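**Student:** please find the sequence and the predicted model below.
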Amino acid sequence: MRSNKTIYVIDDEVDICQLVSQELELFGYTVQTFTTGAQAVHALRNRPPALCIIDLGLPDMDGMELVKQLCEEHNVGVMILSGRNSVPDKVLGLELGADDYIVKPFIPRELVARVKSLLRRLEKAGPAPQDSSSKAFFSDLSYDPATLTLTTATGDAEELSSAEHELLIKLLRAPKTILSRDQLLGDQASPFDRSIDVRMSRVRKKIEQDPKNPEIIKTIYGVGYILTTDVSWNS
């Protein structure tokens, strides 16, 4: 059955583009391939995809810069597919907003499975139908799931990435409840022990007055995280 989701594959290696495209198309996805970051950025303005799969070794820009740009300016899922296998590269990619990181060489069917898992998580993280026009109010902040916009009491607004939204919305829907790492990550099979910590750190930088000493989202060591405030939902 054909999916209505479009995926961009951005890699300067034509054979990699062809391999990934063929595998994803077997499972019904519409795939567009690009060999430069500039080509992908231009296409994004006309038809934003559900997911971008990005190689870091692009000929016209550092792939990390493209990851940062997509996560800051577009509401799309981001998966890094790279030959860089160092821990600093993996952590940096996640810190910039990537939802997953796969190292080359890779098993094509594993990549497809992780794409499907990531897209399911992003769908689940979106606003529930009954919340589609509702905003969450907590502490001195408000959050609009429909636009992924966080607003402070002074009116300053900041858009969250899809990965940041995924974590925050789960906490907002279960205030004053300890959520485990598995509950927060869902069915994502991430090989990186620090992935949840890195993403939570990004969320805290946007909602806490002192991210190093958080008061709104606290860590329950060895268990998970808890949103310590009450939450109200209003249209």
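**Tutor:** The structure has been received and is ready for your questions.

**Student:** show me how this structure divides into domains.
**Tutor:** The chain breaks down by automatic domain parsing into domains covering 6-125, 129-234.

**Student:** how about a markdown table for these, with mean pLDDT added?
**Tutor:** Written out in a markdown table, the entries for the domains of the chain read as follows (pLDDT from 0 to 100):
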| stretch | mean pLDDT |
| --- | --- |
| domain 6-125 | 92 |
| domain 129-234 | 84 |
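
**Student:** a markdown table for those, including mean neighbour count?
**Tutor:** C-betas here are computed from N, CA, C, even on glycine. Putting those into a markdown table (neighbours: other CB atoms under 10 Å) gives the following:
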| stretch | mean neighbour count |
| --- | --- |
| domain 6-125 | 18 |
| domain 129-234 | 16 |
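
**Student:** give me the contacts around stretch 205-222.
**Tutor:** Counting by CB atoms under 8 Å, 6 or more residues apart in numbering, the neighbours of stretch 205-222 from elsewhere in the structure are 138-139, 141, 150, 158, 160, 164, 168, 171, 178, 200-201, 203-204, 225-229.

**Student:** try 7 Å
**Tutor:** By CB atoms under 7 Å, 6 or more residues apart in numbering, the residues outside stretch 205-222 that reach it are 139, 141, 150, 158, 160, 171, 178, 200, 203-204, 225-229.

**Student:** so which two of these are the farthest from each other?
**Tutor:** Checking the contacts of stretch 205-222 against each other with CB to CB, the farthest-apart pair comes out as 158 and 178, at 26.5 Å.

**Student:** which residues does residue 64 contact?
**Tutor:** Residues in contact with residue 64, defined by CB under 7 Å, 6+ apart, are 56, 92, 93, 96.

**Student:** so how far is residue 41 from the first one?
**Tutor:** Okay, so that is residue 56. Noted for residue 56: a distance of 16 Å to residue 41, by CB to CB, to the nearest Å.

**Student:** the third one now?
**Tutor:** According to CB to CB, residue 93 stands 18 Å off from residue 41.

**Student:** am I right that residue 91 sits in a helix?
**Tutor:** Yes. With DSSP: H, G, I helix; E, B strand; the rest coil as the criterion, residue 91 is located in a helix.

**Student:** distance of the most centrally placed residue in the chain from residue 230?
**Tutor:** The centroid of the chain falls nearest to residue 163 when counting by CA atoms, centre = their mean (2.9 Å). Distance from residue 163 to residue 230, counting by CB to CB: 25 Å.

**Student:** kindly report the same for residue 59.
**Tutor:** 51 Å.

**Student:** circling back to that earlier point, and which of the contacts of stretch 205-222 is nearest to residue 85?
**Tutor:** residue 200 (23.9 Å).

**Student:** tell me who's in contact with residue 37.
**Tutor:** Taking CB under 7 Å, 6+ apart as the contact definition, residue 37 lies against 10, 58, 60, 61, 66.

**Student:** residue contacts, the second one?
**Tutor:** Think residue 58. The contact partners of residue 58, by CB under 7 Å, 6+ apart, come to 10, 12, 36, 37, 66.

**Student:** and those residues, which two are the farthest apart?
**Tutor:** 12 and 66 (12.0 Å).

**Student:** quick check: residue 27 touching residue 112?
**Tutor:** Yes. Using CB atoms under 7 Å, residue 27 is in contact with residue 112, at 5.8 Å.

**Student:** who's sitting farthest from the centroid in this structure?
**Tutor:** Residue farthest from the centre of the chain, counting by CA atoms, centre = their mean, is residue 154 at 27.0 Å.

**Student:** gap between that one and residue 116?
**Tutor:** If you measure residue 154 against residue 116 using CB to CB, the figure is 41 Å.
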